[in-house]
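# Any chance you can model this:
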Amino acid sequence: KGGTAMLLHMVFKVAKFHQPAVIFINNADTMLYKKIPKEMQAFEPKRLKKDWPKIIKKFPVADRILVIGTANDVATADVKGLNKIWDKVLLVPIPDYGARVLIWEYAIKILLSNFQNPVDQLEHGATDLAALSKMTENYTPGMIWVAAKETIMAYEHVLKVRKIKINDFLMNMARMQTLDFEAVEALKEWYGKIALGKRFVAIRKRAEE
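Numbers count the residues shown, from 1 in each chain. The predicted structure follows:
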């Protein structure tokens, strides 16, 4: 306990000295497991559950420090504990077609930034961009980024002699476990139990009425 509290104290102390700062916690939902999976028990993920709220309450609001936590499996987390520890819980929606076009375009521009017109490195340019966006329905932004990165890294050595084809992306896209309709709906239902989610649902109902 002393070690965990000291760790958090030091993290915030460094962040306070280097403002503005962002403290990022990956898999933040693990500290709120209702039941800890066997493979996670050795890491004692719930050890932060008691110390974290105490540290947050003592920290001055005026300081320019933003704490962000991401979660992959929120359905296994304790909702009451989640509302207590985090003042805002946001559900990142599955991107629609228009958003996927922008995500693919951004990924290709970043990954092929050494070319003057990165999108032109696709065999059919913007047409391939539109096709990739249609093919990645129910993909998260992270999945699209990984598919783009792994494909471009694998073929970057041939870009001087040929352009990237849509078929080049298929193998990496096929390895992704996409979200089905039921999973997305279950996530939306879960979000309706969160404080911010309840407010969102209430606003939607008022707008419909």
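
# If we go by neighbour counts, what in the helix or strand hosting Arg206 is buried?
In the assignment (DSSP states H and E), Arg206 maps to helix 195-208. Residues Gly197 are the ones in helix 195-208 that count as buried (16 or more other C-beta atoms under 10 Å). From N, CA and C alone the C-beta is placed, and that goes for glycine too.

# Let's check: the centremost residue of this protein is which one?
By C-alpha atoms, centre = their mean, the chain has its centre lying nearest to Thr70, at 6.0 Å.

# how many other residues sit next to the closest residue to that residue other than its chain neighbours?
Nearest residue to Thr70 in three dimensions, chain neighbours excluded: Asn26, at 5.8 Å (C-beta to C-beta, 6 or more residues apart in numbering). For Asn26, the neighbour count with other C-beta atoms under 10 Å is 10.

# Now Asn26, what are its backbone angles?
Per-residue torsions, Asn26: phi -80, psi 150 (degrees, to the nearest 10).

# Return the distance of it relative to Lys134.
31 Å (C-beta to C-beta, to the nearest Å).

# looking at this structure, which helix or strand does the model trust least?
Every helix and strand in the chain was compared by mean pLDDT, DSSP states H and E; the lowest is helix 48-58, with a mean of 72.

# mean confidence for the helix or strand just after it?
Reading on from helix 48-58 to the C-terminus, the next helix or strand found by DSSP H and E is strand 65-69. The average pLDDT within strand 65-69 is 87.

# outside of the helix holding Arg206, which residues touch it?
Asn83, Lys88, Val89, Leu90, Leu91, Tyr191, Gly192 (C-beta atoms under 8 Å, 6 or more residues apart in numbering).

# Could you dump those into TSV with distance to Ala99 added?
Output for the contacts of helix 195-208, formatted as TSV (distance: C-beta to C-beta, whole Å):
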residue	distance to Ala99
Asn83	28
Lys88	21
Val89	21
Leu90	16
Leu91	15
Tyr191	19
Gly192	22
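
# can you pull out the helices in this protein?
2-17, 48-58, 79-85, 97-111, 126-135, 141-155, 166-174, 181-191, 195-208 (DSSP state H).

# need those in JSON lines with distance to Leu32, can you?
As requested, those are exported to JSON lines (distance: least, C-beta to C-beta, whole Å):
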{"stretch": "helix 2-17", "distance to Leu32": "15"}
{"stretch": "helix 48-58", "distance to Leu32": "6"}
{"stretch": "helix 79-85", "distance to Leu32": "5"}
{"stretch": "helix 97-111", "distance to Leu32": "29"}
{"stretch": "helix 126-135", "distance to Leu32": "35"}
{"stretch": "helix 141-155", "distance to Leu32": "21"}
{"stretch": "helix 166-174", "distance to Leu32": "32"}
{"stretch": "helix 181-191", "distance to Leu32": "13"}
{"stretch": "helix 195-208", "distance to Leu32": "14"}
